[in-house]
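Undergrad: Sharing a sequence plus its predicted fold:
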Amino acid sequence: MRQALRRFSRLAALMLACAALGNAPPPSPAELFGNLFIAVQERRIFDDNKTFADAIPQKPPAEIMTDYRAAPPVDDKALRSFVLERFTVPGVNDSGKAGLRAHIRNLWPQLVRQPAPVIPGESRIALPGPYVVPGGRFREIYYWDSYFTMLGLAADGEHALVESMLDDFTSLIERFGHIPNGTRTYYVSRSQPPFFALMLDISKEPDAAVQARRLQALRSEYAFWMAGSACAGRQRACLRVVRMPDGSLLNRYWDNRDSPRDESFAEDRASANAASGRPSGQIYRDLRAAAESGWDFSSRWLADGRTLPTIRTTEVVPVDLNALLWAMERRIARGCGEAGDAPCSQDFAHRADRRKRAMDRFLWQAGEGRYADWLLAEGQPSATLSAATLYPLFVGMASRQQADAVAELTRAKLLAPGGLRTTLTRTGQQWDAPNGWAPLQWIAVSGLDRNGHGGLARTIAMRWTATVERTYEGTGKMLEKYDVEESLPGGGGEYPLQDGFGWTNGVASALLDRYPALERAAP
């Protein structure tokens, strides 16, 4: 210790000499905090000596040293407490120092990726403009994630990025006929929940030629989803189209391949091996279709409601998918009308009307006050209650009576202390209880608010924002999903919890933009 003090004295003398020459460098932490600095570093209060060297004092250094000399800490524990009370220490007590909204604005540049040539043999698909990735293991753009990311980008003034991502998606449709699950070659055989129509409503693009190109892309995407219409006339279902008992057409999730997913190869083979009496190709197709749904995986798709080997996604007519396709039909009708194409506008308006009648007949369960998925094999609605029941409110197709009933059920069963529940079932799958997800919070808040249930909408927003903010303050991270029962990081699924995170950032910014007081009010 005496040798260290002598070294410090020599440094101080050198500083005085440099000052006399008029070119004194700024004092380093060792020079500012003397004996305190030496004690912290030599006693290894932090594992890495750089940690304390990078710490930020929360009061003037002279005051800190006065405190230290007045009551020197008696042991390592007391010394650590002394430091943490007076410094912000990187990786120790620096989480959540910036406000949530400011933190998200600072995250956007970290999640932006620039166009780059594809190296021969790699799986990445090139895009023409900059885009935002979710983060973590998700290193490429994802389809439905991006809608919720765009909401936040627009709220934070990043309109150029929104337009760039719309151009990227238009390019994908022009190349592949649809928007793949993500921009990897192994994702091209499937899409994801079709939000492109709703993305167009975020755009501020004034150029008529760009709007026309995007409308044509939207019509091409619709053709992709309806490609099975002709063969569905001869059989119950074909590709993504389902013929309902009265002859009307609705849709399901599907994948053009029936092999293990490249990105989850071992997991899929294990699921197929665990299944009893079913062809492996059928298992793989249903796993892939669940990936197209975005809900990979959930009790919604499981025949026994519990175990993955019983997955039957292609046997389910999902309420959320059909609500989004109704919104697509309406958006095409509006776009064609604005372009002066009356036959197109009338055709798609009629398509939307037919879909709504079919959904009201088969998916709306008046006695239970909910929209339900339809099970093809059983010819009846699914008993599983999920947050997907709010999609018709979100897109604006629910009647006032339907919306009131769904709102009542949401308050009674889906509202949790930390936000909106995904389902009521605990299976260990990530799209089941106790997890809540950012996109479903926005669907619920927006849908309830537009249907006269602003109080419940704000309650969900407040509880969800509090969960996100509390977790951010404790970890410094924005996460993919959260446990809304305990207001903790989420769990379950086939990969570790990811941070970043595109759609959580987007929904948080959009909610705080809608309810500015929530960031301050969140505990």
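TA: Yep, that arrived. Numbers count the residues shown, from 1 in each chain.

Undergrad: so how many other residues sit close to residue 471?
TA: Residues near residue 471, counting by other CB atoms under 10 Å, number 24. Where you see a C-beta, it was placed from the backbone N, CA and C, and this is true even at glycine.

Undergrad: Residue 137 now?
TA: Per other CB under 10 Å, the neighbour tally for residue 137 reads 11.

Undergrad: Same check on residue 63?
TA: 12.

Undergrad: where in the chain is pLDDT low?
TA: Applying pLDDT under 70 to the chain flags the ranges 1-24, 95-98, 520-523.

Undergrad: mind running it again at 90?
TA: The model of the chain has pLDDT under 90 over residues 1-29, 47-56, 58, 87-99, 232-236, 276-277, 473-476, 494, 519-523.

Undergrad: tell me how far the strand or helix carrying residue 405 is from the chain's mean position?
TA: According to DSSP states H and E, residue 405 maps onto helix 400-409. Counting by CA atoms, centre = their mean, to the nearest Å, helix 400-409 is centred 26 Å from the centre of its parent chain.

Undergrad: what's the answer for stretch 388-396, then?
TA: Counting by CA atoms, centre = their mean, stretch 388-396 is centred 18 Å from the centre of its parent chain.

Undergrad: Likewise for stretch 476-493?
TA: Relative to the mean C-alpha coordinate of its chain, stretch 476-493 is positioned 12 Å out (CA atoms, centre = their mean).

Undergrad: ok, residue 319 - contacts?
TA: By CB atoms under 8 Å, 6 or more residues apart in numbering, residue 319 lies in contact with 359, 363, 371, 372, 373, 388, 389, 391, 392.

Undergrad: rerun at 10 Å
TA: Neighbour list for residue 319: 250, 300, 359, 362-364, 370-374, 381-382, 386, 388-392 [criterion: CB atoms under 10 Å, 6 or more residues apart in numbering].

Undergrad: hang on, isn't residue 150 packed against residue 506?
TA: Yes - if you go by CB atoms under 10 Å, residue 150 and residue 506 touch, sitting 6.7 Å apart.

Undergrad: Start and end of stretch 296-309, how far apart?
TA: Taking CA to CA, to the nearest Å, the first and last residues of stretch 296-309 lie 13 Å apart.

Undergrad: Next: stretch 392-404.
TA: For stretch 392-404, the first-to-last residue distance is 12 Å (CA to CA).

Undergrad: swap in stretch 304-318?
TA: Note: stretch 304-318 ends 17 Å apart using CA to CA.

Undergrad: mind listing what's buried in that stretch?
TA: Neighbour counts over stretch 304-318 (16 or more other CB atoms under 10 Å) mark 305, 307-318 as buried.

Undergrad: ok, so of the residues you listed, who is nearest residue 205?
TA: residue 318 (30.8 Å; CB to CB).

Undergrad: buried sites along the host helix or strand of residue 332?
TA: When elements are assigned from DSSP H and E, residue 332 belongs to helix 319-338. Along helix 319-338, these residues count as buried under the neighbour rule (16+ other CB under 10 Å): 319-336.

Undergrad: and if you look at stretch 172-184?
TA: Using 16+ other CB under 10 Å as the burial criterion, the residues of stretch 172-184 that qualify are 172, 173, 176, 178, 179, 180, 181, 182, 183, 184.

Undergrad: picking up where we left off before, which ones among the contacts of residue 319 lie within helices?
TA: If you go by DSSP state H, the contacts of residue 319 have 359, 362, 391, 392 in helices.

Undergrad: Against which helices or strands is the helix or strand containing residue 84 packed?
TA: Assigned by DSSP H and E, residue 84 belongs to helix 76-86. If contacts are counted by 3 or more CB pairs under 10 Å, 6 or more residues apart in numbering; DSSP states H and E, helix 76-86 sits against helix 29-42, helix 61-70.

Undergrad: From residue 249, how far off is residue 435?
TA: Using CB to CB, to the nearest Å, we find residue 435 at a distance of 33 Å from residue 249.
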